[in-house]
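# Kindly generate the corresponding structure for this input.
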Amino acid sequence: MTAHTVKLGNRSVIRLSGAETRSFLQGLVTNNVMAVAPGHAVYAALLTPQGKYLYDMIIMADGDDLLLDVEAERLGELLRRLMMYRLRAAVEITDESDRLSVWAVFGDAPGKGISTPDPRSADLGTRLVLPAGETPDAEPMPLEGYETKRLSLGVPDGSRDMKVDKYFWLETAAERLNGVSFTKGCFIGQELTARMKHRTTLKKLLVPVTVTGGAPEPDTAIVTASGKDAGEIRTGAGDHALAYLRLEYKDEPLSTDGRAVTVQDS
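The predicted structure follows:
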């Protein structure tokens, strides 16, 4: 099978190294860092104490080090926050954005770099980290092809899909995307996240939709036939988009900017 690849220029890498790397990160993020191993990544987030989204990441192993595949535009903010939490922990936190690049590969994984199946969905192929300037041994594919695939699977991409300090982590489809562990123990925002899981029913959720005639700009309102506010569009590619939707309206006729919206199975 011919492999196809796309460079994800909106992603960067942070390296964590040192004797207390795993225990340090384990107490912060939503998933079980101890499960990270060569060829096995985890998807996780750093939340507010109220359980709302701040930063998401794919965590990979590089020997004893951990690599965080993160949103490039907000890397500086995340570095500062990690430094704040570090205190006296034996952890080195390094910006690798000039030395490493992030790729998505569909088909046979290249034999170089650090690679792992995408932990959010097997249908998103392999996540690959390479030294800057190197290219995978695979055919290039257009970024729009990757975006269409991602959106059709209902996988958000950082703060352009998940509003910072606005969306609860479980509202981002984090449980379906393997982004939270309810058995790992404490993390920032754990109490409220667990309460939402066990004691409440989600009222809003990020869901994949199709928009007849093409998705409009992010933040465009979605309305019911009677004009009620049903949610908003996040990112889109062609007819595919993510929508932050009030679930009470998901089975009703919906539209955005005069275009029909259909909620997809996810």
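# Mind jotting down where the strands sit in the stretch 101-250 of the chain?
Under the criterion DSSP state E, counting those that start in this stretch, the stretch 101-250 of the chain contains strands at 114-117, 126-131, 139-140, 204-211, 221-224, 229-237, 240-246.
# Please identify the most buried of these.
Comparing these by mean neighbour count (mean count of other Cβ atoms under 10 Å), strand 240-246 comes out on top with a mean of 24. In this view, the C-beta of every residue, glycine as well, is placed from N, C-alpha and C.
# So which elements touch the helix or strand following that strand?
For strand 240-246, the succeeding helix or strand toward the C-terminus, using DSSP states H and E, is strand 254-256. In terms of contacts (3 or more Cβ pairs under 8 Å, 6 or more residues apart in numbering; DSSP states H and E), strand 254-256 is packed against strand 221-224, strand 259-263.
# For H240, find the nearest of those strands.
Proximity to H240, assessed across these by Cβ to Cβ, is greatest for strand 259-263 (10.7 Å).
# Give me the contacts around that closest one.
Applying Cβ atoms under 8 Å, 6 or more residues apart in numbering, the contact partners of strand 259-263 are 207-214, 216, 222, 243, 245, 250-251, 253-255.
# Chain neighbours aside, what residue packs nearest to T94?
Spatial nearest neighbour of T94, chain neighbours left out: R15 (4.4 Å); criterion: Cβ to Cβ, 6 or more residues apart in numbering.
# what pairs with the strand or helix carrying the one you found, and is each one parallel or antiparallel?
Assessed by DSSP H and E, R15 sits inside strand 11-17. For strand 11-17, the paired strands and their directions (DSSP bridges) are strand 65-71 (antiparallel), strand 92-95 (antiparallel).
# what angle separates that strand from strand 126-131?
Strand 11-17 and strand 126-131 are oriented at 70 degrees to each other (axes from the mean of the first three to the mean of the last three Cα atoms, to 10 degrees).
# Show me how far the next helix or strand after strand 11-17 is from its chain's centre.
Sequence order places helix 21-26 as the next helix or strand after strand 11-17, per DSSP H and E. Averaging C-alpha positions (Cα atoms, centre = their mean, to the nearest Å) puts helix 21-26 20 Å from its chain's average.
# same deal with stretch 32-49?
In terms of Cα atoms, centre = their mean, the centre of stretch 32-49 is found 12 Å from the chain centre.
# how near is F182 to M196?
11 Å (Cβ to Cβ, to the nearest Å).
# Compare neighbour counts for those two and give me the winner.
Neighbours per residue (other Cβ atoms under 10 Å) separate F182 from M196, with M196 holding more: 17 against 12.
# OK, contacts around the closest residue to that one other than its chain neighbours?
Excluding the flanking residues, the one nearest M196 by Cβ to Cβ, 6+ apart is L170, at 5.1 Å. Applying Cβ under 8 Å, 6+ apart, we find L170 in contact with 51, 180, 193, 196-197, 202.
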